[in-house]
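Peer 1: Fold the following for me, if possible:
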Amino acid sequence: MSRRVATITLNPAYDLVGLLPEIDKGEVNLVNTAGLHAAGKGINVAKVLKNLGIDVTVGGFLGKENQDGFQKTFSETGIANRFQVVEGRTRINVKLTEKTGEVTDFNFSGFEVTKADWQRFVTDSLSWAGQFDMICVSGSIPQGVALEDFTKWMMRLRNECMCVIFDSSREALVAGLKASPWLVKPNHRELEIWAGKPLPTRKDVVDAANQLRAQGIAHVVISLGAEGAMWVNSSGAWFAKPPKCDVISTVGAGDSMVGGLIYGLMMRQTSEHTLRLATAVSALAVSQPNVGVTDREQLARMMARIDLQPFKPE
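Peer 2: Below you'll find the model as predicted:
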């Protein structure tokens, strides 16, 4: 089995992660810097997969003016790079974690993708998409890319690679869902927004996930923050809850979960085992300043602490 995965991040970012006791609005806040990372959702997924031994290629757009940090990361980690370089700067996201564990994001604007840039990317990405067992598309859509064009590209990508994993939010999520990806990973709030109503119970969440499945989406995984995750597919539904963890940063926790899901699926593990693994990878991510799996024994210990239960409607 080739075990080849590509991740596509159309709108990556440098993540500046900081810790402070409490944000005091209107005042000077002293912040303990936890890290500055070349990131973006698909790049975070790629880091996890590479740590777990999967060959991974990354693609999307990078700003010409500040691409060096990304190129250095790809070179050091051995991740294959298919990014298109465009005029302008890749954005910077500032993520501040208070002692309560609450995270406040300041996401700055970045480069704008021209029509010519987009067409070049579409042509290139579709030329190599069929070489991969799975392709993960995640994150927001950059300025200059129309939602309809994104949907059309997602549909064409789906024709080239059957197993497209999709993780996004807001209008990009809605646009991508129209292409019926193979697996989607909304969080609880995103699923509520899509459903157009609150989903207070697990049954409500499962019902909404099954509505997505009725549109041709095989797997729906819902991340529930500290409560864990649910996975709904043709075999049923499972709920996984991690132990309480000390939070350094929640940045990349959802991306780490996606990486764990892809790894388990690539290794042909059961849904239960894969969800346990993905939840453990995500739980470890919140206790460190950057994404990745650096200790397989630590991961195994965390997996043993995950409470995994089938969902049984009353």
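Peer 1: so where do the helices sit in this structure?
Peer 2: Assigned by DSSP state H, the chain shows helices spanning 41-51, 68-77, 115-128, 147-160, 170-177, 188-195, 202-213, 253-266, 271-285, 296-304.
Peer 1: G264 touches T274, doesn't it?
Peer 2: Yes - under the contact definition of CB atoms under 8 Å, G264 touches T274, with a separation of 2.8 Å. Every residue, glycine included, has its C-beta placed from N, CA and C.
Peer 1: of those two, who's got more company?
Peer 2: Between G264 and T274, counted using other CB atoms under 10 Å, T274 has the larger neighbour count: 24 against 21.
Peer 1: mind listing what the more buried one touches?
Peer 2: Contact analysis of T274 by CB atoms under 8 Å, 6 or more residues apart in numbering lists W231, G260, L261, Y263, G264, L265.
Peer 1: Give me the nearest residue to the third one, chain neighbours excluded.
Peer 2: Yep, that's L261 we're talking about. If you skip the residues right next to it in sequence, L261 has A278 as its closest partner in space, 4.5 Å away by CB to CB, 6 or more residues apart in numbering.
Peer 1: Confirm for me that that neighbour is in contact with G260.
Peer 2: Yes - under the criterion of CB under 8 Å, A278 is in contact with G260, at a separation of 3.2 Å.
Peer 1: the bottom helix or strand of the protein by mean pLDDT?
Peer 2: Taking mean pLDDT, DSSP states H and E as the measure, the helices and strands of the chain show their lowest mean at helix 296-304, namely a mean of 76.
Peer 1: quick one: buried residues of that one?
Peer 2: Counting neighbours by 16 or more other CB atoms under 10 Å, one finds that the buried residues in helix 296-304 are L299, M302, M303.
Peer 1: ok, those residues vs R89, which is closest?
Peer 2: Sorting the buried residues of helix 296-304 by distance to R89 puts L299 at the head of the list, at 35.4 Å, by CB to CB.
Peer 1: ok, the closest one - contacts?
Peer 2: Listed by CB under 8 Å, 6+ apart, the contact set of L299 reads L277, A280, V281, L284, V293.
Peer 1: The residue lying closest to the fourth one once chain neighbours are set aside and W231: what is the separation?
Peer 2: Spatial nearest neighbour of L284, excluding adjacent residues (CB to CB, 6+ apart): M302 at 5.7 Å. When distance is defined by CB to CB, to the nearest Å, M302 is 18 Å away from W231.
Peer 1: cool, A6 as well?
Peer 2: With distances defined as CB to CB, the gap from A6 to W231 amounts to 23 Å.
Peer 1: ok, now L308?
Peer 2: When distance is defined by CB to CB, L308 is 10 Å away from W231.
Peer 1: Which neighbours do these two have in common?
Peer 2: Shared between the contact lists of L308 and W231 (criterion: CB under 8 Å, 6+ apart) are residues W238, A240, L275.
Peer 1: hmm, back to that, who's more crowded, L308 and W231?
Peer 2: For L308 versus W231, the count of surrounding residues by other CB under 10 Å is larger for W231: 26 against 16.
Peer 1: Which residues are in contact with the more buried one?
Peer 2: Neighbouring residues of W231 by CB under 8 Å, 6+ apart: H219, V220, V221, I222, A237, W238, A240, S271, T274, L275.
Peer 1: which of these lies closest to G139?
Peer 2: Proximity to G139 was ranked across the contacts of W231 by CB to CB; first place goes to V221, at 16.6 Å.
Peer 1: quick one: pLDDT of that closest one?
Peer 2: Reading off the confidence values, V221 has pLDDT 93.
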